[in-house]
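Visitor: Okay, sequence plus prediction incoming.
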Amino acid sequence: SAQVLSKGGPLMINPYNAKQVASSIKQALEMSPEEKLNRWNTMIKLINEHDSTNWVTNCLNAIDNAWIQEQEFQSFNLNSLNQKKFNEKYFMSSDNVTVNKDSKRLIILNLGSLTSNVNVQGSSISPVQKQYIDKVLRDLTNDPQNIIYIISYLKRVDLTRKYKRIPELGLISENGGYIKLADSSRWISVVDVNELQWMPQIIDLVANLSEKLNGSTIEVEECTIRFHTEQVFDMDPEHKRALVGDLITHINDLYSRDNVHATLVNGIVIVQESNLAIRSLSFVISSHNNDKLFNGPIKLLPSSSSCSPLTQPNEEIIQTNSIDSTVENSLSGRSNSANSVIVHNGISGFTNSNRIGLVVYAGGDSPVDEDIYSFCNEKFKNGEIDYVLTIKANNSVIKKNNDMTNLSSLAGSKINGVNQLFSLLSNANSDICL
């Protein structure tokens, strides 16, 4: 396959790029005998190492891993979440667990996954519902025990605009690439610039297919590529699915070693680094716990996000054992805030925050959501977090024999949608006020 043979042997081509194919044929015809022999030796070595025995072994290992993963999915029973069960978690009340009464609640909401009818740059919450959601979010952020984050596929400029009236909110854009810490006005990147070098190549790959799909569009975000095919109507659906499927397979085969993954969601091919969401949540938890355990690149971004992600003049936060007051002031959205942000050993943390005792994540059934459900469950299993509540919006159901049957998920509970979620949050928060 392309993934195995891409180490200097064959001439790698993009099958959708006719000019590149022609150029590679010309290069092969004009190649010197010495180069042909060197390339042949490289390829035969790889082929001998990746023979049928190796292929069978890899297939069996993949089957074993898939079976283990399916058992994990089936072991989680999606119970309907009611107010009583929600409050037990929200107030961290259990006879089996002792937590500091001032422990923080980290609540992360993926509103794009939670609402099947939400449209932001293509989705829409009604103004009345948006006002209600903003009010609940504002009330939640007013509780000093709460740390609230919104995670979204949106670019940071769009996410900032959407929630500009609630500056206390933490924001995570592009499914994990960029983070605005709660109570801060500056954005932080956990993306390594070197990890973005795949973008121009895949943009070229997608652009060549886009020419064949009338109505398709390419949306390039700061660390994500979106290929919209949902408006392609003048082509046989089976042929369209085959072309899109070949593109996804080609990207995943060729770039899997770069940790880049393509997936199809509602007719949109989404390409990005596969572990960005987990990396961003690890950073957020480490920051608010001030435990300095986060490993990875951290960059403080300029105030403007108008420049390209590949040329953006990011200012890297150098790891240090001392507090840099300049960075502290630039990160802190409120100079007199009780939860002033500092940078220490390369990560920022809240100086007087107690540790996080509860993590709540509410999302849908996308691969990003499932990765985060798994991440939260592991944090609980390892004893790093005392309480975890993973909530899946019950949009992902299939109708079978007139019954609504849940699809497999690593989430622990289910709800009927965004309205129920915000009702649970609002009621719990009202109980505190009372």
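Guide: Structure's in. What do you need? Residues are numbered from 1 along each chain as shown.
Visitor: any idea how far the longest helix anywhere in the chain is from the chain center?
Guide: Looking only at the chain and at elements set by DSSP state H, the helix with the highest residue count is helix 52-74. A distance of 25 Å separates the centroid of the chain from that of helix 52-74, by CA atoms, centre = their mean, to the nearest Å.
Visitor: What is the helix or strand that it is followed by packed up against?
Guide: Beyond helix 52-74 in the direction of the C-terminus, DSSP states H and E gives the next helix or strand as strand 79-80. Identification of packing neighbours for strand 79-80 by 3 or more CB pairs under 8 Å, 6 or more residues apart in numbering; DSSP states H and E yields strand 413-415. Using the backbone N, CA and C atoms, a C-beta is placed for each residue, glycine as well.
Visitor: Identify all contacting residues around the strand it packs on.
Guide: If you take CB atoms under 8 Å, 6 or more residues apart in numbering as the criterion, strand 413-415 is touched by 78-81, 85, 362, 389-394, 406, 421, 424.
Visitor: again, only this time at 7 Å
Guide: Judged by CB atoms under 7 Å, 6 or more residues apart in numbering, the contacts made with strand 413-415 from elsewhere in the structure are 78-81, 389-394, 406, 421.
Visitor: pLDDT on the longest helix of the chain, on average?
Guide: Looking at helix 52-74 alone, the average pLDDT works out to 78.
Visitor: now stretch 415-429
Guide: Predicted confidence along stretch 415-429 averages 88 (mean pLDDT).
Visitor: before we move on, back to that, from the contacts of strand 413-415, keep the buried residues only.
Guide: 78, 81, 389-394, 406, 421 (16 or more other CB atoms under 10 Å).
Visitor: will you turn the residues you listed into TSV that also has distance to Val21 and secondary structure?
Guide: As requested, these are arranged in TSV below (distance: CB to CB, whole Å; DSSP: H, G, I helix; E, B strand; the rest coil):
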residue	distance to Val21	secondary structure
Leu78	48	coil
Leu81	54	coil
Leu389	52	strand
Thr390	47	strand
Ile391	49	strand
Lys392	44	strand
Ala393	45	strand
Asn394	47	coil
Asn406	46	strand
Leu421	50	helix
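Visitor: Now do the contacts for Leu213.
Guide: 229, 232, 235, 240, 243.
Visitor: Can you show me the strands along the stretch 201-350 of the chain?
Guide: 217-220, 224-228, 260-265, 268-273, 299-300, 315-316, 341-344, 347-350 (DSSP state E, counting those that start in this stretch).
Visitor: Which one of those strands has the poorest average confidence?
Guide: Here the strands of the stretch 201-350 of the chain differ in mean pLDDT, and the lowest is strand 341-344 at a mean of 37.
Visitor: separation between Asn354 and Asn87?
Guide: With distances taken as CB to CB, to the nearest Å, Asn354 is found 20 Å from Asn87.
Visitor: for Asp143, same thing?
Guide: Asp143 is 14 Å from Asn87, by CB to CB.
Visitor: give me every residue that touches Ile179.
Guide: Ile179 makes contacts with 172, 187-188, 190, 280, 283-284, as judged by CB under 7 Å, 6+ apart.
Visitor: repeat that with 6 Å
Guide: Each residue near Ile179 by CB atoms under 6 Å, 6 or more residues apart in numbering is listed here: 172, 188, 280.
Visitor: circling back to that earlier point, against which helices or strands is the longest helix of the chain packed?
Guide: Contacting helix 52-74 under the criterion 3 or more CB pairs under 6 Å, 6 or more residues apart in numbering; DSSP states H and E is no other helix or strand.
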